[in-house]
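> Predicted structure and sequence below. I'll ask about it afterward.
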Amino acid sequence: MAVGLTLIFGVMRVVNFAHGDMMVWGMYLAFVLSTRAGIDPYVSFVVCAAALFVLGVAVQRGLVDRILAAPHEMQILLMLGVALVLENTALLAFGPEPARVRSPLARLTWDVGPLYVDVARLVTFGLAIVLTLALSLFLFHTERGRLIRAAADNPYGAMVIGTDVRRVYATAFGIGAACVGAAGALVSPILPFQPPTGLSLSVTSFNIVIIGGMGSLLGAFIGGLLVSVAESLGAVFLRPSLKELFSFSLLILILLLRPAGLFGRRAS
Amino acid sequence: MTRLTRRTFLKIAVGGAAVVGGPGAPRAQAKTFKIGAVHPVTGPLAEPGQACRLGAQMAVEAVNAAGGIKGKGGLKLELLVGDTQTKPENGRVEAERVVNQGAQMLLGSFDSGSTNAMVSVAQQKRVPFLIDIAAADPITANVAKSVKEGQQKVQYVYRNFPTASSFGRKAVQYFTEIFAEAKVTPKRVVLMYCNDLFGQSQSRGFLAAYKVAKPAWTLLEDDVIAWPEPPSDLSTEVSKAKALKPDVISPITRPASAQLLLPEIRKQRLDILGIIGPGSPGFYEAGQIAVLKDDVEYAMVSNPWANFKNPRTNQVADEYKKRSHGKTFDTNSGYSYDAILVIADVLERATNLDDADAIVDALKTTNYTGGLMQYAGPIHFNELGDNPNAVTTMTQILGQKAVAVWPREAALQKFVFPRPRA
């Protein structure tokens, strides 16, 4: 989930406030594919990623591209507007009830001694590693990936050597949206969702990305692990109702001690 | 031939629109009694808010179809709807808006925060306000106190819904009676709740009632487990509950947290006699049951519930199901429906509908028996403005349907407790 956000920010310096709502749309697509076509979300996540890729490209080409040079507050307003449209379209299309996708995998647990392992979470974790690795390979070992990194590092320089920066931006935004679409489908059997869920998902994503370092794929992955472990330990050692205190305290600590995040680069 | 330019076309189009859309011959508009119905129709509480709005709308249509307010020349009711967007501060904004549009009474608003915000509008603008749903005790008690102490002259705020403290009292009473009937005495009942205003007030009410009642069964008062709402994961919370070796899990949920909690209880294989909630949504709604399936089977919850022994309730429930695409006529739609019926009864008896105080006088003398929900007696309002006969019913999911199982006079089926082992 956070990998997509960090990719979009890393390349375009645009904070995607509609990120959580895009994820909710990934969840609803998985829900529709499951209820209408009987496709398990652990299969349909590929379709959801593709659909969100198209949505991401459309949002970038139609809206974000026009405000890339605008002040940050304009970008924030635009992305908040996109978030509102996505949330309320979901409300109109699917209604306000919380939904959850049913999958046989989500019912399985394995007992390992005194511990129990939730198979759905384990599979989701495995697929998250695979997808992050695949994205990393794409960015660092393919021509298109190099172009994206070039445009992220120095758009003017990339343009000088003949890169179609607008196209690269659209691809990067599409890939970011595809990541969150896949993430949405993969957690849809674990996490109940409704149209307003996007906001809390966006907040969690920002927390993770700031801790890991804005623009860093590895940072987003490690940040995600840190936030979830911090919350679980907080629930065990403090009271469960205070578990978010742990993850947000971690955020404050990182901002104080290492403002660029664990793996982020300092702004020059 | 003259060429049709864009400018000419626009002139013609605008002129034509003005002629077609302009006011024709003045039409006499029938006078209606306007009720401002404010609910959270968007945002996280949109589901219950939309149920409230549809319930109120259906009741208005039913009253109008039956001839309106007969004692006032067949006066028809009209709803002016408002949306709090699940933001408490919008309760005031929306209440002011509908009052400025001509609302002569207010109705709302599902959550205690926005309902409280509407109270100040009702009191300041002298608009009688009937609360259809909102449980926090202070909403009416504060107004009653300020009237008693002479700070305000008239109480305009009344409530036809159980208060949080009565939720707690009834839950402890039903738990005690059901355990006695089942001949079991659970020694480790674990209370788990969503840590928002609703969850906090419900859990406080339940704990306070337990302390007063001192029942034979034991609630682990020092090991209450709360989670931040909305939660993204409840596995740690359920692990903590499991470590307490519970006999009964007693959850206070929201619909989304119920969808996390109940599967987690199954996944972690808690060896319990049953799941019995002291009062919350999330267990009984048709959409929830469809998602939770066997995870919610045999779960019980003490909630305000419709009286399905009343044939009229069943008729309305059938119509509601059709109009809501398969939803159950339950707490939210039901209490909003009843609120309109109470308002219609009040308007029949009020001496002057243009005088807010005359409407309040009629409210105070209410003794209405036509409600569709389960009541302990006629709807009337005590010195605080609350209906003491608005009570909860214990419902249980049996055969994937929510059924009233306790108290005996409301029960449609015998409860199943302890639940069968998987």
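Received the coordinates, thanks. Residues are numbered from 1 along each chain as shown, chains lettered A, B, ... in the order given.
> Please, which helix or strand holds the residue in the stretch 301-422 of chain B positioned nearest to chain A?
Here the stretch 301-422 of chain B gets closest to chain A at one residue, B:H325, 8.0 Å apart by C-beta to the nearest C-beta. Using the backbone N, CA and C atoms, a C-beta is placed for each residue, glycine as well. Of the helices and strands defined by DSSP states H and E, none includes B:H325.
> How many neighbouring residues does it have?
B:H325 is flanked by 9 other residues according to other C-beta atoms under 10 Å in any protein chain shown.
> and A:L201, how far is that from chain B?
Using C-beta to the nearest C-beta, to the nearest Å, A:L201 is found at 8 Å from chain B.
> interface residues of chain A facing chain B?
By C-beta under 8 Å from any C-beta of the partner chain, the part of chain A that sits against chain B consists of A:88, A:91, A:95-100, A:102, A:106-107, A:109, A:116, A:118, A:190-197, A:200, A:204, A:228, A:231-232, A:235-236, A:239-241, A:243-244.
> Buried ones from those residues, can you make that a PyMOL selection?
Buried residues within the residues of chain A next to chain B, by 16 or more other C-beta atoms under 10 Å in any protein chain shown, are selected in PyMOL with:
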select buried, chain A and resi 91+95+96+97+98+99+100+102+106+109+116+118+190+191+192+193+194+195+196+197+200+204+228+231+232+235+239+240+241+243+244
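> what ranges do the helices span in chain B?
B:6-21, B:46-65, B:90-100, B:112-125, B:138-148, B:164-182, B:197-213, B:235-243, B:255-267, B:286-292, B:311-323, B:331-349, B:356-364 (DSSP state H).
> Could you tell me the least trusted of those?
Among these, helix B:6-21 carries the lowest mean pLDDT, a mean of 47.
> which residues does B:I397 contact?
B:283-284, B:289, B:296-300, B:403 (C-beta atoms under 8 Å, 6 or more residues apart in numbering or on different chains).
> what do you get if the cut-off is 6 Å, keeping everything else the same?
By C-beta atoms under 6 Å, 6 or more residues apart in numbering or on different chains, the contact set of B:I397 is B:296-297, B:299.
> likewise B:A390?
So B:A390 contacts B:160-162 (C-beta under 6 Å, 6+ apart).
> Next one, pLDDT for the residue lying farthest from the centre of chain A please.
Distance from the C-alpha centroid of chain A peaks at A:G113, with 33.9 Å (C-alpha atoms, centre = their mean). On the pLDDT scale, A:G113 is placed at 81.
> what's it sitting at in phi/psi?
phi 60, psi -130 (degrees, to the nearest 10).
> go on, A:G56?
The phi/psi pair for A:G56 (degrees, to the nearest 10) is phi -60, psi -50.
> Run a quick neighbour tally on it.
28.
> okay but it is in contact with A:I175, surely?
No - A:G56 is not in contact with A:I175 according to C-beta atoms under 6 Å; the separation is 7.5 Å.
> Can you name the residue of the stretch 51-200 of chain B nearest chain A?
Closest point on the stretch 51-200 of chain B to chain A, by C-beta to the nearest C-beta, is B:N195, at 4.1 Å.
> quick one: contacts for that residue?
Counting by C-beta under 6 Å, 6+ apart, B:N195 has contacts A:241, B:226, B:228.
> quick one: which of those is nearest A:G145?
B:P228 (38.6 Å; C-beta to C-beta).
> Counting neighbours, what do you get for that closest one?
Neighbours of B:P228 (other C-beta under 10 Å): 19.
> mind listing what it touches?
So B:P228 contacts A:241, A:244, B:195 (C-beta under 6 Å, 6+ apart).
> ok, these vs A:L63, which is closest?
A:E244 (31.9 Å).
> Identify the residue spatially nearest to the closest one, adjacent ones excluded.
Closest residue to A:E244 apart from its sequence neighbours, by C-beta to C-beta, 6 or more residues apart in numbering or on different chains: B:P228 at 5.4 Å.
> can you pull the pLDDT of B:G24?
pLDDT at B:G24 comes out at 43.
> Can you tell me which residues in the stretch 101-250 of chain B are near chain A?
Residues of the stretch 101-250 of chain B lying close to chain A by C-beta under 6 Å from any C-beta of the partner chain are B:195, B:225-228, B:236-237.
> May I ask which of the residues you listed has the most neighbours?
Busiest of these [other C-beta under 10 Å] is B:W227, holding 29 neighbours.
> Please name the bridge partners of that one.
B:C194 (DSSP bridges).
> Tell me if A:R61 really is in a helix.
Yes - under DSSP: H, G, I helix; E, B strand; the rest coil, A:R61 sits within a helix.
> A:A170 is in contact with that one, correct?
Yes - in terms of C-beta under 6 Å, A:R61 counts as a neighbour of A:A170; the distance is 5.3 Å.
> of those two, who's got more company?
Comparing A:R61 with A:A170 by other C-beta under 10 Å, the one with more neighbours is A:A170, at 21 against 16.
> which residues touch the more buried one?
Residues near A:A170 by C-beta under 6 Å, 6+ apart: A:57, A:60-61.
> In terms of helices and strands, where is it?
Assigned by DSSP H and E, A:A170 falls in helix A:165-187.
> Can you spell out the domain ranges of chain B, please?
B:32-162+B:309-391, B:165-303+B:394-406 (automatic domain parsing).
> Give the buried residues for stretch B:167-178.
So for stretch B:167-178, counting by 16+ other C-beta under 10 Å, buried means B:167-176, B:178.
> ok, so of those, who is nearest B:K76?
Nearest to B:K76 among the buried residues of stretch B:167-178, with distances taken as C-beta to C-beta, is B:F167, at 35.4 Å.
> my read: that closest one touches B:G279, true?
Yes - counting by C-beta under 6 Å, B:F167 touches B:G279, with 4.3 Å between them.
> circling back to that earlier point, in strands, which of the residues of chain A next to chain B appear?
Taking DSSP state E as the definition of strands, the residues of chain A next to chain B contribute A:109, A:116, A:118.
> Now do the same contact list for the last one.
So the one you mean is A:D118. Taking C-beta under 6 Å, 6+ apart as the criterion, A:D118 is in contact with A:T109.
> Where do the strands of the stretch 1-150 of chain A begin and end?
A:109-112, A:115-118 (DSSP state E, counting those that start in this stretch).
> CA-only coordinates of the last one in CSV, if you can.
Taking only C-alpha atoms (Å, rounded to 0.1, in the frame of the first residue of the first chain), the coordinates of strand A:115-118 have been written out as CSV:
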residue,chain,number,x,y,z
LEU,A,115,1.1,-19.8,18.3
TYR,A,116,-1.4,-19.6,15.6
VAL,A,117,-0.7,-18.4,12.1
ASP,A,118,-3.4,-16.6,10.0
